[in-house]
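A.B. asks: Coordinates for the following, if possible.
(one chain, ligands or ions: 2)
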Amino acid sequence: MIRNLVNRKYLLGNPNRILFRAISTNGKLVVPWEDGKTSKYHGIWLRDSCQCRECHHPTTLQRLINSSSIPLDISADSITENGDGVEITWKGDHKSFYTYEWLRDHSYDPVLVEPPSIKEVLWTGRDLHNSYVKDPYSRDIPQVEFDEVMRDDAGVGKWTRKIAEYGFAFVNNTPVDEKATEELCKRIAFVRPTHYGGFWKFTSDMAKADLAYSQEELGVHTDGTYFTDQPGLQLFHLLEHIGTGGETPLVDGFKAAERLKELDPQAYTTLSTVPVPAHAAGNKDVCIQPADSFPILMHDHKGLLVQVRWNSDDRSTMREWDTPEQVLEFYRAAKVWSDILSSQEFVFQFQLQPGRPMIFNNLRVLHGRTGFEGKRTMCGAYINRDDYVSRLRLTNFGRKEVLRFL
Ligand SMILES: C[N+](C)(C)CCCC[C@H](N)C(=O)O
Ligand SMILES: O=C(O)CCC(=O)C(=O)O
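C.D. replies: Numbers count the residues shown, from 1 in each chain. Ligands and ions are numbered 1, 2, ... in the order given. The predicted structure is shown next:
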């Protein structure tokens with residue numbers, strides 16, 4: 001038993017029981033853990049992952065060695081362990097040291113430790129609507145205070161956590177002006193500039209050739225389906241509306257996709273596979289199209305739904321079909337999806353208020369606008385997904401915890 005490690009939160013292997021075989025083409029480092037699990041590591045992977053100052057820049061955290069210079073069948077001259085980990089002396093005399101904690105965190109055969117994450121709280125419009133109509137400031141509605149967000153990173157952590165859980169959040173008591181709203185956005189990260197500008201203010205004057213700059217109704221959608229890198233967050237702050245209409249419907253796209261999969265698995269598969277082209281071409285100086293046509297429901301390499309890319313207005317004419325039969329199936333599936341998105345059960349609709357901006361995850365939550373009359377002025381911005389998630393993790397888990405899994 002490793003005395004000083006017994007109370008460590010990682011049940012670590014008894015070093016005398018490292019069943020080490022010479023690291024060669026087939027040899028691996030094998031670490032049996034106290035909890036009965038056993039990790040196996042390839043020699044080239046270990047050498048490539050050496051964390052010493054020659055191989056891994058201590059400040060920039062970048063790799064310094066040329067991975068392709070490592071022999072595929074690299075082997076070790078010796079291996080020793082101390083209470084904290086394992087030292088390997090490679091042929092050619094380079095020494096690498098791997099703490100047991102690092103080995104456990106980075107175990108891949110099998111994966112033993114998952115990085116910290118925030119559990120999503122999926123919702124239907126009905127879940128939120130009933131609370132909202134009783135009290136728009138109900139605890140059921142994700143919201144934070146402007147002052148707490150502006151005050152410190154704990155406030156930013158609370159705000160980003162709400163966005164991660166619910167896909168959106170209001171910010172109460174925000175000064176009704178562009179400057180304060182832009183400063184608010186920057187508490188998460190720099191804004192994402194596009195052909196609409198960086199931090200934007202817009203009204204129904206067709207200043208940009210896009211329906212957002214009109215009084216038209218906009219069905220629920222995600223923005224930027226025509227960008228390869230769809231904007232991650234979007235913030236809207238209604239500065240003024242003298243007139244009627246202009247309500248905001250929101251739908252939790254992940255909850256809607258869950259229902260689609262239950263209701264019509266074939267439709268879910270169709271919308272997860274058929275490539276959908278998109279464009280932004282109203283303004284004379286741009287014709288923006290993504291590097292590829294992407295499906296409406298996008299999954300990560302583990303099959304997890306991570307992005308909803310749906311904007312029927314911005315969808316281009318679809319010319320690329322696997323087979324002619326796919327055409328009718330796509331429109332059938334899109335109708336099932338659209339019916340879910342517009343159903344009373346799934347839509348949470350409210351009127352944006354000056355002083356209460358709303359930010360949302362544009363890769364999950366769909367937004368829209370009912371038609372309106374009168375003078376209506378909005379401001380807001382996009383923020384890149386990766387810049388948001390970086391800020392979310394650092395303010396909620398702390399840098400040390402986040403860096404554990406690089
Ligand atoms: C937000 N702002 C008014 C600046 C731009 C709106 C862009 C709307 C576009 N049809 C899309 O869905 O991406
Ligand atoms: O005007 C609004 O409330 C929203 C406009 C919109 O949907 C957009 O800018 O994407």
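
A.B. asks: Any idea which residue of the stretch 201-350 of the chain lies closest to ligand 2?
C.D. replies: Using CB to the nearest ligand atom, the closest approach of the stretch 201-350 of the chain to ligand 2 is made by Ala212 at 3.5 Å. C-beta here means a position set from N, CA and C on the backbone, and glycine is covered the same way.

A.B. asks: give me phi/psi at the residue nearest to that residue when sequence neighbours are not counted?
C.D. replies: For Ala212, ignoring the flanking residues on the chain, the nearest one in space by CB to CB, 6 or more residues apart in numbering is Phe202 at 6.5 Å. When read as degrees, to the nearest 10, the backbone of Phe202 gives phi -140, psi 160.

A.B. asks: Looks like the residue of the stretch 201-350 of the chain closest to ligand 2 contacts Leu218 (just checking).
C.D. replies: Yes. Counting by CB atoms under 8 Å, Ala212 touches Leu218, with 6.9 Å between them.

A.B. asks: anything in contact with each of those two?
C.D. replies: Overlap of the contact sets of Ala212 and Leu218 (by CB atoms under 8 Å, 6 or more residues apart in numbering) consists of Arg369.

A.B. asks: So what sits opposite the residue nearest to Ala212 in the bridge?
C.D. replies: Met378 (DSSP bridges).

A.B. asks: Let me see the ranges of the helices in the stretch 251-400 of the chain.
C.D. replies: 253-263, 265-273, 325-341, 385-397, 399-403 (DSSP state H, counting those that start in this stretch).

A.B. asks: Any idea how far stretch 193-201 is from the middle of the chain?
C.D. replies: 22 Å (CA atoms, centre = their mean, to the nearest Å).

A.B. asks: domain assignment for this structure?
C.D. replies: Domains of the chain are assigned by automatic domain parsing as 10-113, 125-399.

A.B. asks: Out of those domains, which gets the lowest mean score?
C.D. replies: For those, mean pLDDT drops lowest on domain 10-113, to a mean of 85.

A.B. asks: circling back to that earlier point, pretty sure the residue of the stretch 201-350 of the chain closest to ligand 2 sits in a strand.
C.D. replies: No. Secondary structure of Ala212 (DSSP: H, G, I helix; E, B strand; the rest coil): helix, not part of a strand.

A.B. asks: Distance of it relative to Ile242?
C.D. replies: 19 Å (CB to CB, to the nearest Å).

A.B. asks: Next: Phe254.
C.D. replies: From Phe254 to Ile242 the distance is 36 Å (CB to CB).

A.B. asks: quick one: the nearest residue to His195 once chain neighbours are set aside from Gln234, how far?
C.D. replies: Distances taken as CB to CB, 6+ apart put Val286 closest to His195, at 4.9 Å, once the chain neighbours are dropped. Distance from Val286 to Gln234, counting by CB to CB: 19 Å.

A.B. asks: Same check on Glu217?
C.D. replies: 18 Å.

A.B. asks: More neighbours: which of those two?
C.D. replies: Gln234 (22 against 15; other CB atoms under 10 Å).

A.B. asks: In space, what's closest to that one - neighbours in sequence excluded?
C.D. replies: Closest residue to Gln234 apart from its sequence neighbours, by CB to CB, 6+ apart: Asn362 at 4.7 Å.

A.B. asks: quick one, phi psi at the one you found?
C.D. replies: Taking degrees, to the nearest 10 as the convention, Asn362 sits at phi -70, psi -10.

A.B. asks: residues contacting it?
C.D. replies: Thr222, Asp223, Gly224, Gln230, Pro231, Gly232, Leu233, Gln234, Tyr382.

A.B. asks: Could you rank the residues you listed by neighbour count and give me the top one?
C.D. replies: When neighbours are counted by other CB under 10 Å, Leu233 leads those with 27 neighbours.

A.B. asks: need the contact list for the closest residue to that residue other than its chain neighbours.
C.D. replies: Using CB to CB, 6+ apart and skipping the chain neighbours, the partner closest in space to Leu233 is Ile383 (4.1 Å). Ile383 is in contact with Cys185, Ile188, Ala189, Phe190, Val191, Arg192, Pro231, Gly232, Leu233, Gln234, Leu235, counting by CB under 8 Å, 6+ apart.

A.B. asks: 6 Å instead?
C.D. replies: Ile188, Ala189, Arg192, Gly232, Leu233 (CB atoms under 6 Å, 6 or more residues apart in numbering).

A.B. asks: ok so, going back, so Phe254 and Ile242 - more neighbours on which side?
C.D. replies: Phe254 (21 against 9).

A.B. asks: how many other residues sit next to Pro116?
C.D. replies: Pro116: 13 neighbours (other CB under 10 Å).

A.B. asks: Surely it is in contact with Gly398?
C.D. replies: No. The criterion here is CB atoms under 6 Å, and Pro116 misses it with Gly398 at 9.4 Å.

A.B. asks: So which bits of the stretch 301-406 of the chain are right by ligand 1?
C.D. replies: Residues of the stretch 301-406 of the chain lying close to ligand 1 by CB under 6 Å from any ligand atom are Asn311, Asp314.

A.B. asks: Point out the residues in the stretch 301-406 of the chain that sit beside ligand 2.
C.D. replies: Counting by CB under 6 Å from any ligand atom, the stretch 301-406 of the chain sits next to ligand 2 at His367, Arg369, Met378.

A.B. asks: and the gap between the last one and Gln215?
C.D. replies: Summarising the geometry, the distance separating Met378 from Gln215, computed by CB to CB, is 12 Å.

A.B. asks: With the second one instead?
C.D. replies: According to CB to CB, Arg369 stands 9 Å off from Gln215.

A.B. asks: Counting neighbours, go ahead and name the busier of these two.
C.D. replies: Arg369 (24 against 16).

A.B. asks: Not counting sequence-adjacent ones, nearest residue to that one?
C.D. replies: In space, Arg369 is closest to Leu218, 4.5 Å off (CB to CB, 6+ apart).

A.B. asks: Out of the contacts of Ile383, which two sit at the greatest distance?
C.D. replies: Ile188 and Arg192 (11.0 Å; CB to CB).

A.B. asks: re the thing from before, closest one of the residues of the stretch 301-406 of the chain next to ligand 2 to ligand 2?
C.D. replies: Of those, the one sitting nearest to ligand 2 (CB to the nearest ligand atom) turns out to be Arg369, at 3.8 Å.
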